[in-house]
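*Asks:* with the input below, show me the fold.
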Amino acid sequence: MKVYITRSYLAFLVLFLSCFYSPVKAHDLPKQITIVLPVKHHVRLDYGAQKLKEALQFAGYTVNIQRGGKLVAGNMVYAGLLQDANTKAILTKLSLATGKNPGKEGFIIRSAGKVTVIAGADNSGALYGCLELADRIKKAKSLPANISITDQPEMVLRGTCIGVQKPALLPGRGTYEYPYTPENFPWFYDKTLWLRYLDSLAENRMNSLYLWNGHPFASLVKVKEYPYAVEVDDTTFKKNEEIYRFLASEADKRGIWVIQGFYNIIVSKPFAEKNHLKTQDRNRHIVPIIADYTRKSIAAFVQKYPNVGLLITLGEAMEGVGQDDIDWFTKTIIPGVKDGLQALGRTDEPPIVLRGHDTDAPTVMKYAKPLYKNLYTEAKYNGEALTTYEPHGPWADLHRTLSNIGTVQIENVHIMANLEPFRYGSADFIQKCVQAMHQVYGANGLHLYPQASYWDWPYTADKIDGPRLLQMDRDWIWYKAWSRYAWNSKRNRNDEIKYWADQLAAKYGTDETHGRDLLAAYEQSGNIAPELLRRFGITDGNRQTMTLGMLMSQLVNPEKYGLFSLLYNSEGPVGEMMSEYAEKEWKHQPHTGETPVKIIDSVIVQGRKAVEAADKATAGITQNKAEFLRLKNDMYCYNALANSYAYKAKAALWVLRYKYSDDVADLEKALPELQTSLKYYEELVKLTKDTYLYANSMQTKQRKIPVGGNDAKMKTWAELLPVYQKEFNNFKRNIDSLKSPQTSAKKAEKIVLTDAATTIKLADRYKMIVGEHVFTDTSVVIKNVAKELEGLQGIKFSKAIQVKNGTELSFSNAKPVKVLVGFFNGKEPGYLPEPQLETDASANDYGQADVKIANAIQIDGMPPVNVHTYSFKAGNNTLTLGKGACLILGVVDDSVYIPVYDAGLSNAGNIKDLRWLFN
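*Replies:* Below is the predicted model:
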């Protein structure tokens, strides 16, 4: 049978079939889109357009980039500058009103039909507009329709830091002295690594990158007048030139300003050796040849890298404050920059950042501003730690003073000595910190250190099979959170909870519910380390590694370990120290603010909740499982750490009560608390033994608390465990001793120090006895002296000359010796400050950092005297001290034991020294 198909039937069949197949064909057809850029444009638009293209391709589009600046048929994204005539014409033609134009680095995104327009207030703004649209495309998996965005960053500068430094000192070199070589820093020459890192900065909308080094110039430039000063060979020098230019160029594509940091006054090792100088000497006054070399080095650097900024640290390797700081900045550094610009024929000024560390930055800026316009200031946000979003006191006053100078004040989130090595990602804590930077400090810039392992860049401390983890990968949430709030700190908290839950869910392949569990773990653990340090710590500096714990003697007598007062009067909510709390309890006085007991209760709860949240999240994890297990283990570490500290603090409060009660029963109540603390520390040892290489990345003698870190030792929890076990056993034994009539009367061996054989020219000597004058130009005399010092021969100086010029003692000795230096325990001007590692990295080069005998001498009308010792090898030696009154109490053999205790020659309060209980 034949079938006849009419035309009308055929048409109907085609129409019918098309109803089924046309959607499939439409879906299969590629979506076409053109990205249009102006004919002339900055490389930042090329970078932004490329990132936009990648996002569109990920969403299934076929993308073409066209440089012509005109509208094209079909779907189109145009990217340009708001002020360009072509951009204005396109916006007008499409009737896309911009409203109020955004400021620096801002942008608008508008769409009409098939056209989307990105217009930046400047080249960085256009770049950020491209990145913002790319992010939205990736999230929606499509180009959003009817989009209308206006945005700009709050903070002017948003940057991260990389230390071109190492965990340990190089042989024969001082602190911060690390030439740029492939042997020292193989990662520095890895272009792939640099591109990954720079991409991550751009993704987070960071616009600055700080490179820290003591004296980088001798690795990067050659000075005609000082050819011998270069620290690297010709091959390495060429590599350094090539990689540095590459870095500066690639950073510029991403809107990132490279800033080279350096310390003053440090010179290169070959320069120092040629001119018979030290590479650094904190107490050295400005020497003409060093000033000339430094000025010419800076000029050569600016001439070679005119788009790289400079970060200046006047303190640490200089004395700290005074006319030298002002002169060095205004007569050496700024003129050096101007010399380099003049050689280039340029009149624009690259930015200079003055770091307000160990210097009187407001006074320095007063003299610098008339000479140079493009200046910034910077200071540490919470010292070398993260402690609070409620800063106050003198540290807040300094930041506000800097902010009111009229330049931009940058907040430096520095070192994180209380966070390393565990992961940290409390977005809530970080957001509140950034808000405090604006609202309390009046600042408008962020300079962010790595969350952990600063000295070991680019790696983390995690112990894993295979290649080491990179900080940029492990600590992604650290960088993302700070940069997000540096851009906009006013984001709604409920929206932020959802944002971070989604981010965590995406990373670990889970749903929003489990993402919220992960966020809760970060948030609960995020308060533990800050709260512990600000209520129980010795210092906000990196001489203390918080996660390694503290000795009981440090908890009950913190002032004997160089207690850093800013930690308590500025870097936490108003509250009480352990000693204050104990005294008020004994006297039945009301408490104020945040107390030790409140923190004890708080960290115990937060540790438990962090573990519970991590456990709840476990079932939903489908990707990045190995990293999740490391994160989960960190939550268990935080819990063990919190409990170990909490129960040790409980024990310390009973010991401090004994200070007033003299009742051994109070010490007995401390014993079980200390034992519980030790059990939690043993748990921390188990949790870290196979998961971490170290707790702290600075592994030098500058690290002092809980114990010294000489020769990269005492950097793991397993190494510290015997120390804590011993202190527990000692405490138990000493309690028994106190209860025993036979042993309670036992007296310590009497130690009397004697003079060592030394030759000191032109020395005016005096004896350490009551009634002796201690200065050549005052009438003050010794009122009382510790028995160990009686009879030693002191060296008498003019107090006025000490205050004006400092103190210098030259001597020769056949055997190693210790020089005993007495520091007046007062903060008033005119007294030489005690060695302080927070501001002076060389403060333990002679073993001088710790007080040996506290309150050892009483002198009429002056503060009590603390004794420190400076060790010298045999030979001809010179002790050089900074400006301010001090005492040289004598010279003894280096092998002599000097007891560490408080002689109590003071009239201030209850100064009972309790450290013996744990020895």
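
*Asks:* check the gap between His215 and Asp502 for me.
*Replies:* Applying C-beta to C-beta, to the nearest Å, the value for His215 to Asp502 is 46 Å. (Glycine included, C-beta is placed from N, CA and C.)

*Asks:* who has more neighbours, the two?
*Replies:* Neighbour count, other C-beta atoms under 10 Å: between His215 and Asp502, His215 has more, with 26 against 16.

*Asks:* dump the residue contacts of the more buried one.
*Replies:* Contacts for His215 (C-beta atoms under 8 Å, 6 or more residues apart in numbering) come out as Tyr176, Glu177, Phe262, Tyr263, Ile266, Val267, Ser268, Thr279.

*Asks:* off-centre distance for the host helix or strand of Gly890?
*Replies:* Using DSSP states H and E, Gly890 sits within strand 887-893. Relative to its parent chain, strand 887-893 has a centroid offset of 37 Å by C-alpha atoms, centre = their mean, to the nearest Å.

*Asks:* in it, what's buried?
*Replies:* Residues Leu887, Ile888, Leu889, Gly890, Val891, Val892 are the ones in strand 887-893 that count as buried (16 or more other C-beta atoms under 10 Å).

*Asks:* what of stretch 100-119?
*Replies:* Here stretch 100-119 shows 102, 105-112, 115-119 as buried, counting by 16+ other C-beta under 10 Å.

*Asks:* of the residues you listed, which belong to strands?
*Replies:* Phe107, Ile108, Ile109, Arg110, Ser111, Ala112, Val115, Thr116, Val117, Ile118, Ala119 (DSSP state E).

*Asks:* a markdown table for those, including distance to Tyr424 and pLDDT?
*Replies:* Below are those laid out as a markdown table (distance: C-beta to C-beta, whole Å; pLDDT from 0 to 100):
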| residue | distance to Tyr424 | pLDDT |
| --- | --- | --- |
| Phe107 | 31 | 98 |
| Ile108 | 35 | 97 |
| Ile109 | 33 | 97 |
| Arg110 | 39 | 96 |
| Ser111 | 39 | 94 |
| Ala112 | 44 | 92 |
| Val115 | 44 | 94 |
| Thr116 | 38 | 96 |
| Val117 | 40 | 96 |
| Ile118 | 35 | 97 |
| Ala119 | 38 | 97 |
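
*Asks:* ok, those vs Tyr128, which is closest?
*Replies:* Nearest to Tyr128 out of those is Phe107 (C-beta to C-beta; 5.6 Å).

*Asks:* ok, the closest one - contacts?
*Replies:* By C-beta under 8 Å, 6+ apart, the contact list for Phe107 reads 118-121, 125-126, 128-129, 132, 149-152.

*Asks:* tell me the SS of Thr377?
*Replies:* Under DSSP: H, G, I helix; E, B strand; the rest coil, Thr377 falls in the strand class.

*Asks:* hang on, the earlier thing: can you put the contacts of Phe107 in CSV and add distance to Trp187 and secondary structure?
*Replies:* As requested, the contacts of Phe107 are exported to CSV (distance: C-beta to C-beta, whole Å; DSSP: H, G, I helix; E, B strand; the rest coil):
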residue, distance to Trp187, secondary structure
Ile118, 35, strand
Ala119, 38, strand
Gly120, 33, strand
Ala121, 35, coil
Gly125, 32, helix
Ala126, 32, helix
Tyr128, 28, helix
Gly129, 32, helix
Glu132, 31, helix
Ile149, 37, strand
Thr150, 39, strand
Asp151, 34, strand
Gln152, 34, coil
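
*Asks:* for Asn825, state which of the residues you listed is nearest.
*Replies:* Among the contacts of Phe107, and counting by C-beta to C-beta, the member closest to Asn825 is Gln152, at 51.1 Å.

*Asks:* so the closest one versus Gln699, what's the distance?
*Replies:* For Gln152, the distance to Gln699 (C-beta to C-beta) stands at 43 Å.
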